[in-house]
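A.B. asks: Okay, predicted coordinates and the sequence, questions at the end:
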Amino acid sequence: MADLFDTPAAGPDEAPGTPGEGDGAPRPLADRLRPQALDEVIGQETLLGPDGPLGAMLASGALSSLVLWGPPGVGKTTIARLLARETALEFVQISAIFTGVAELRKVFDAARDRRRAGQGTLLFVDEIHRFNRAQQDSFLPHMEDGTILLVGATTENPSFELNAALLSRAQVMVLERLSLADLERLAQRAEAALDRALPLDGTAREALLEMADGDGRAALNLIEQVMGWPVEGRLDVRQLSERLARRAAQYDRSGDAHFNLISALHKSVRGSDPDAALYWFARMLEGGEDPRYLARRITRMAVEDIGLADPQAQAVCLQGWDTYERLGSPEGELALAQALVYLALAPKSNAAYTAYKAARKAAKATGSLAPPKHILNAPTRLMKEQGYGAGYAYDHDAEDAFSGQDYFPEDMARERFYDPVERGFERDLRKRLDWFARRRAERRGG
């Protein structure tokens with residue numbers, strides 16, 4: 001995906017941002033404002049500063065292959081171009097969306113020819129995560145022998161989308177979305193280039209930059225659109241909203257944004273913050289998330305993080321889910337929101353979840369140990385002769401309906417998996433558990 005200040009490929013001696021000059025073609029504002037040096041790139045000072053990883057690489061003259069990971073419009077393509085310029089490498093750009101095996105072979109052959117002639121190649125691969133495993137592997141020998149210095153750009157988590165072999169030969173650099181302060185600097189740069197101020201009052205100006213949602217190219221496109229309006233004076237927020245549609249939030253239901261936001265939602269509930277939980281819930285709905293997916297995940301939160309501290313929590317979630325199925329959107333989403341608030345404010349316990357995982361672990365470790373014979377049924381004479389059912393104590397015959405017998409395998413020590421917390425309904429469960437433990441010890445001692 002093209003990002004901030006993206007233009008067609010330029011050679012090492014061609015200044016980035018010059019394509020289109022002299023041919024009479026109009027140039028978008030984002031193209032005209034493309035940085036000409038790394039210190040002009042806005043918003044990535046942590047990466048590019050003297051103490052940053054890329055700044056240190058350039059200072060040492062030891063630039064390695066890179067993967068630039070970040071959202072759209074934060075300067076991935078621009079940084080790659082400027083790195084080629086700083087290191088006097090030929091800049092070659094391809095997109096994983098449009099490049100097949102035959103095109104890749106041509107790119108590698110051309111880079112090999114340049115190398116023979118004493119010219120290195122910085123190969124910039126946009127949307128590198130869209131290459132399949134075999135295509136990603138095809139880069140490896142050319143990276144290893146120095147034919148290319150690879151700079152890949154991706155909006156997806158490289159840990160999930162890129163081969164381990166490729167990642168082991170490249171350093172991942174994380175680019176951050178632009179802050180409002182960064183976007184304001186970009187707006188000021190645009191005003192200086194256009195020699196006029198944005199026709200917006202302070203609140204409308206901030207609203208415009210918020211519409212860009214951290215994307216510098218989107219911000220410049222919005223600014224260019226507003227600058228083209230024939231208006232007198234300054235517009236307020238209402239007037240701006242009437243003229244300009246709000247940009248859709250960045251959200252990919254199968255990508256990083258999906259997993260990041262559901263993680264934020266789950267942890268907000270676990271952290272007993274209903275307001276943050278509602279915010280992330282709304283963010284996912286606004287991004288087009290399927291409410292049924294959210295209903296399933298909300299119910300999972302009740303089981304995993306609240307458990308028996310509030311047995312009603314799971315029922316509230318299932319009722320909310322059922323209400324959504326009956327009402328549909330948007331009315332049914334309110335029932336899910338109510339369930340979410342209930343979970344956030346409910347007492348928390350993962351004791352049952354922890355106990356279940358511990359029991360699964362013990363079950364795998366103990367293999368095929370048989371139950372003790374006294375708790376086995378004996379429907380045949382042979383089984384009775386083998387001792388099945390012998391010595392079983394029927395709990396209802398005991399005075400307190402508790403026999404205290406051992407139900408673990410004979411060759412396995414008794415385990416304590418479930419350890420309820422002193423919160424919510426589990427306080428009562430802990431009292432019951434402790435009572436049974438005392439009675440069990442008394443009966444065994446007797």
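C.D. replies: Done, it's in. Numbers count the residues shown, from 1 in each chain.
A.B. asks: Would you mark the buried spots in the one helix or strand residue 427 maps to?
C.D. replies: Using DSSP states H and E, residue 427 maps to helix 426-445. In terms of neighbour count (16 or more other C-beta atoms under 10 Å), helix 426-445 has its buried residues at 426, 429, 430, 440. Placement of C-beta: from N, CA and C, glycine included.
A.B. asks: How about residues contacting that helix?
C.D. replies: Helix 426-445 is contacted from outside by 307-309, 347, 349, 351, 400, 402-404, 418, 420-422, using C-beta atoms under 8 Å, 6 or more residues apart in numbering.
A.B. asks: at 7 Å what do you get?
C.D. replies: Contacts of helix 426-445 from elsewhere in the structure, counted by C-beta atoms under 7 Å, 6 or more residues apart in numbering, are 308, 309, 349, 351, 402, 404, 420, 422.
A.B. asks: For the residue nearest to residue 418 when sequence neighbours are not counted, pull up the helix or strand it's in.
C.D. replies: The shortest distance from residue 418 to any non-neighbouring residue, by C-beta to C-beta, 6 or more residues apart in numbering, is to residue 355 (3.9 Å). Of the helices and strands defined by DSSP H and E, residue 355 is found in helix 351-366.
A.B. asks: mind checking how far that helix is from the chain centre?
C.D. replies: Centroid displacement of helix 351-366 relative to its chain, using C-alpha atoms, centre = their mean, to the nearest Å, is 29 Å.
A.B. asks: and the angle from that helix to helix 426-445?
C.D. replies: 40 degrees (axes from the mean of the first three to the mean of the last three C-alpha atoms, to 10 degrees).
A.B. asks: Give me the buried positions along helix 351-366.
C.D. replies: Residues of helix 351-366 classed as buried: 351, 352, 355, 356 (neighbour count, 16+ other C-beta under 10 Å).
A.B. asks: secondary structure class for the most centrally placed residue in the chain?
C.D. replies: In the chain, the residue lying closest to the centroid (C-alpha atoms, centre = their mean) is residue 260, at 3.1 Å. Reducing the assignment at residue 260 to three states with DSSP: H, G, I helix; E, B strand; the rest coil gives helix.
A.B. asks: Model confidence for it, exactly?
C.D. replies: Reading off the per-residue confidence, residue 260 sits at a pLDDT of 85.
A.B. asks: Relative to residue 266, how far out is it?
C.D. replies: The gap separating residue 260 from residue 266 is 11 Å, by C-beta to C-beta, to the nearest Å.
A.B. asks: Equivalent analysis for residue 243, please.
C.D. replies: Here residue 243 is placed at a distance of 39 Å from residue 266 (C-beta to C-beta).
A.B. asks: Can you tell me what sits against the helix or strand hosting residue 104?
C.D. replies: Under DSSP H and E, the secondary-structure element containing residue 104 is helix 101-116. If you take C-beta under 7 Å, 6+ apart as the criterion, helix 101-116 is touched by 90, 92, 94, 121, 123, 135, 138, 142, 147, 148.
A.B. asks: Show me what secondary structure element comes after it.
C.D. replies: Beyond helix 101-116 on the C-terminal side, the first helix or strand identified by DSSP H and E is strand 121-126.
A.B. asks: With just CA atoms, put that following strand into PDB.
C.D. replies: Provided in PDB are the C-alpha atoms of strand 121-126 (Å, rounded to 0.1, in the frame of the first residue of the first chain):
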ATOM      1  CA  THR A 121      20.800  -2.000  -5.100                       C
ATOM      2  CA  LEU A 122      18.300  -1.100  -2.400                       C
ATOM      3  CA  LEU A 123      15.200  -3.100  -3.300                       C
ATOM      4  CA  PHE A 124      12.100  -1.600  -1.700                       C
ATOM      5  CA  VAL A 125       9.200  -4.100  -1.500                       C
ATOM      6  CA  ASP A 126       5.800  -2.600  -0.600                       C
END
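A.B. asks: Give me the distance between that strand and the centre of its chain.
C.D. replies: Using C-alpha atoms, centre = their mean, the mean C-alpha position of strand 121-126 is found 26 Å from that of the whole chain.
A.B. asks: quick one, that strand and helix 101-116 angle?
C.D. replies: With the same axes, to 10 degrees applied, the angle from strand 121-126 to helix 101-116 works out at 150 degrees.
A.B. asks: mind pulling up the phi and psi values for residue 68?
C.D. replies: Comment: the main-chain dihedrals of residue 68 come out as phi -90, psi 110, following degrees, to the nearest 10.
A.B. asks: and what of residue 173?
C.D. replies: When read as degrees, to the nearest 10, the backbone of residue 173 gives phi -110, psi 120.
A.B. asks: What of residue 200?
C.D. replies: phi -130, psi 150.
A.B. asks: CA atoms only: put stretch 312-320 into PDB for me.
C.D. replies: Extracted in PDB, the C-alpha atoms of stretch 312-320 (Å, rounded to 0.1, in the frame of the first residue of the first chain):
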ATOM      1  CA  GLN A 312     -24.500 -15.000  36.700                       C
ATOM      2  CA  ALA A 313     -22.000 -13.300  34.400                       C
ATOM      3  CA  GLN A 314     -22.000 -16.100  31.800                       C
ATOM      4  CA  ALA A 315     -25.800 -16.100  31.800                       C
ATOM      5  CA  VAL A 316     -25.900 -12.300  31.200                       C
ATOM      6  CA  CYS A 317     -23.600 -12.700  28.200                       C
ATOM      7  CA  LEU A 318     -25.600 -15.600  26.700                       C
ATOM      8  CA  GLN A 319     -28.800 -13.500  27.200                       C
ATOM      9  CA  GLY A 320     -27.200 -10.500  25.500                       C
END
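A.B. asks: sorry, back to before: which among the contacts of helix 426-445 count as buried?
C.D. replies: Restricting the contacts of helix 426-445 to buried positions leaves 308, 309, 349, 351, 404, 420, with burial counted as 16+ other C-beta under 10 Å.
A.B. asks: which one of these is nearest residue 27?
C.D. replies: Distance from residue 27 was checked for each of the buried ones among the contacts of helix 426-445 by C-beta to C-beta. The minimum falls on residue 349, at 60.7 Å.
A.B. asks: correct me, but that closest one touches residue 418?
C.D. replies: No - proximity of residue 349 to residue 418 does not meet the contact threshold set by C-beta atoms under 7 Å, at 10.5 Å.
A.B. asks: follow-up on the earlier one: could I get the contacts of helix 426-445 as a markdown table with secondary structure, pLDDT and distance to residue 75?
C.D. replies: Output for the contacts of helix 426-445, formatted as a markdown table (DSSP: H, G, I helix; E, B strand; the rest coil; pLDDT from 0 to 100; distance: C-beta to C-beta, whole Å):
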| residue | secondary structure | pLDDT | distance to residue 75 |
| --- | --- | --- | --- |
| 308 | helix | 94 | 50 |
| 309 | helix | 95 | 47 |
| 349 | coil | 95 | 46 |
| 351 | helix | 93 | 48 |
| 402 | coil | 88 | 69 |
| 404 | coil | 86 | 70 |
| 420 | coil | 91 | 52 |
| 422 | coil | 92 | 51 |
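A.B. asks: which of those lies closest to residue 31?
C.D. replies: Of the contacts of helix 426-445, the one sitting nearest to residue 31 (C-beta to C-beta) turns out to be residue 349, at 56.5 Å.
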